[in-house]
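Peer 1: sequence and predicted structure are below.
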Amino acid sequence: MGTLPYRNKELTPEQAKEERDFRELAKTRYKYYRHYINPKFKDGRHHAVLAFELEQIELYISTGGKQGNGRLIVELPPQHGKSTDIARIFPSWVIGRNPNTHVGIVSYGANLADKHSAAVRDYVQSEAFRNLFGTYSTNDEPVMLSDDSASKSDWQLKAPFEGGCLSRGISGGLSGNPLDLLIVDDPTQDIDEGRSEIHQKKLENWFDSVAIPRLSEGGACIIDHTRWDPNDLIGQILQRMANEDPNIDQWKVIYLPAMALEEDQYPETEEEYKRNLSQGVYLPLKSEGDPLKRTPGQVLWPWRYSQKYIEKVKTTVEAKSPYTFASVYQQLPRPFTGGLFDDKDILEIDRNEVDWNWEWVSYIDVALGRNKRSDFNASLIETLTPDGDIVGRDLLRVRELNKFLKLLKMNMLLPDNKKVTWGIEDVAFQTLAFQNFWNDPELAMVKMITFPVPEGSKMDRATNLSLRAKEGHFKLVKGSNHLDVKRQLMEFPYSQHDDIVDSASGGPYMIAELAKKKHLEAKIW
């Protein structure tokens, strides 16, 4: 039967047969392909689950949507091989088997997406790929890279095939590029961006108006990213799945936390399952349990991250923020419970329920630092209603001070804010920061005051607001960055930032101080 070219050496007949068998397996089964194309790939049990679902994606593409699965969400802890598998190795296998496939890879930034695309291209140019699908294969037409495809971000196959790969950052355009496979890998850069209501809305708009419209009718989409928040991209899709509308995509979800859950954490009924989805959280039914049938607490990839190591990470991370380990490692971005503020404590109202003639205040919290690494500057507008409710609306939150001051001035001049009194602490830095505001003729009719630094600790003021919330008397106006407010209140005091807490708890203090002043003026009169 002769010899086969293999990694720059010739094989014996026995080795040649073994090589042919391996090639046939690698061409038809992805779990073998990843080892053939990358002999250094070390997989765990979770990679077997992932390989099966990726094969279903390829089947969907190759049959034009008639078989397999076209929508896949992958929830895995950091550094467990999901990006290497999904965004680098798998696309090369799809292209080898379906060389007219157009692949798109999107990440939070073009640099990361380009690295993925370049890795796919390198696999297509490798000797192992040529053995399976290229010049050393049994294909009638070898699958090869086009001679003029030097770009990392946009390359094509050699004719007669029309397939190829493009890579973009979230802000990059996809217009004019029809796709058969879209891979969204880590569309959010970090935890601050992941929990930003503005970024979440931007990502949702991009996904609906840019990403999905680029897919062909039989095209498939895979999303994998670190879970930062119930309203991140995966969370938004899960919330849609809770809807009963049969036309809404129902995504297959691979859910594998770093440590297997306790039995009582799984939903027992379909109603509980749907309620979790509506909150941006996926948990399989208790009857299904852990996909790997792990015992509670057992780690996911023990040969790489031991039980002892993951437990140490859990203890270390939870000492600072219980939310972070649950979200990032367990894929459970749930709100805190049992803290100063629970999810159920913070009520939400529609904007049309607001009386704009109420007297409003805004306690402006200015970060002490002036560089981009300093804390955020924040301003939340609040009022005390005749019913005794503290109502908050229209959060402004910006890290860079000059930009914050510019936007704050615009807020002060809005018609809806004519009844707002804006307050800053009477300390040197803050007074200096607002010096131009006092001298600005455009702000001559805007009510601004300075007030003494509040007595007591930040925790004391937050506790006072918490007690009101637990009695059902703290409300946020929906659609005014209210989720950012809600999130930081529930995470306090474990959150990295507390600027929103300062502004939210400072509002009632301002209301009390203004009431004292009016009472004193009334007595003098």
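Peer 2: Received it, and whenever you're ready, just let me know what you need.
Peer 1: mind listing what Gln156 touches?
Peer 2: Listed by CB atoms under 8 Å, 6 or more residues apart in numbering, the contact partners of Gln156 are 145-146, 149, 162-164. C-beta: built from backbone N, CA, C; applies to glycine.
Peer 1: highest neighbour count among the residues you listed?
Peer 2: Using other CB atoms under 10 Å as the contact criterion, the top neighbour count among these goes to Gly164, which has 24 neighbours.
Peer 1: please name the bridge partners of that one.
Peer 2: The residues paired with Gly164 through beta bridges, assigned by DSSP bridges, are His102, Gln156.
Peer 1: domain-wise, how is this protein divided?
Peer 2: With automatic domain parsing as the criterion, the domains of the chain are listed as 5-186+213-225+239-261, 343-524.
Peer 1: wait, which of those is closest to Val328?
Peer 2: Proximity to Val328 (CB to CB) singles out domain 5-186+213-225+239-261 among the domains of the chain, at 6.5 Å.
Peer 1: what's the closest non-adjacent residue to Ser306?
Peer 2: Closest residue in space to Ser306, ignoring its immediate chain neighbours: Val299 at 7.1 Å, by CB to CB, 6 or more residues apart in numbering.
Peer 1: which of the domains of the chain has the lowest average pLDDT?
Peer 2: Lowest mean pLDDT of the domains of the chain: domain 343-524, a mean of 87.
Peer 1: elements contacting the helix ranked longest in the chain?
Peer 2: Ordering each helix of the chain by length in residues (DSSP state H) puts helix 499-524 first. When contacts are defined as 3 or more CB pairs under 8 Å, 6 or more residues apart in numbering; DSSP states H and E, helix 499-524 sits against strand 360-365, strand 377-384, strand 390-398, strand 420-425, helix 458-470, helix 482-491.
Peer 1: which of these sits closest to Glu53?
Peer 2: Using CB to CB as the criterion, the shortest distance between Glu53 and the helices and strands packed on helix 499-524 is 31.0 Å, found for helix 482-491.
Peer 1: pull the residues that contact that closest one.
Peer 2: Applying CB under 8 Å, 6+ apart, the set of residues contacting helix 482-491 is 195-197, 200, 229, 231, 321, 323, 335-336, 339-343, 346, 348, 380, 392-393, 395, 397, 462, 476, 495, 497-501, 504.
Peer 1: how far does it sit from the chain's center?
Peer 2: Relative to the chain's own centre, helix 482-491 is displaced by 16 Å; criterion: CA atoms, centre = their mean, to the nearest Å.
Peer 1: returning to what we had before: redo the domains of the chain as JSON lines? Include distance to Phe207.
Peer 2: Conversion of these to JSON lines gives the following (distance: least, CB to CB, whole Å):
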{"stretch": "domain 5-186+213-225+239-261", "distance to Phe207": "8"}
{"stretch": "domain 343-524", "distance to Phe207": "18"}
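Peer 1: tell me which of those sits nearest to Lys308.
Peer 2: Checking those against Lys308 by CB to CB gives domain 5-186+213-225+239-261 as the closest, at 12.2 Å.
Peer 1: from the chain's centroid, how far away is that closest one?
Peer 2: Here the centre of mass of C-alpha atoms in domain 5-186+213-225+239-261, compared against the chain's by CA atoms, centre = their mean, lies 22 Å away.
Peer 1: list the residues that contact Leu179.
Peer 2: Contact analysis of Leu179 by CB under 8 Å, 6+ apart lists 102-104, 214-216, 219.
Peer 1: the residue lying closest to it once chain neighbours are set aside: what secondary structure?
Peer 2: Closest residue to Leu179 apart from its sequence neighbours, by CB to CB, 6+ apart: Gly104 at 4.3 Å. With DSSP: H, G, I helix; E, B strand; the rest coil as the basis, Gly104 sits in strand.
Peer 1: closest one to Pro452 among the helices and strands packed on helix 499-524?
Peer 2: Comparing those by their distance to Pro452 (CB to CB), the top pick is strand 420-425, with 7.6 Å.
Peer 1: so which elements touch that closest one?
Peer 2: strand 360-365, helix 428-433, strand 447-451, helix 499-524.
Peer 1: apply 6 Å and report the result again.
Peer 2: strand 360-365, strand 447-451 (3 or more CB pairs under 6 Å, 6 or more residues apart in numbering; DSSP states H and E).
Peer 1: circling back to that earlier point, does the residue nearest to Leu179 really touch Cys165, like I thought?
Peer 2: No - taking CB atoms under 6 Å as the definition, Gly104 is not a contact partner of Cys165, at 7.5 Å.
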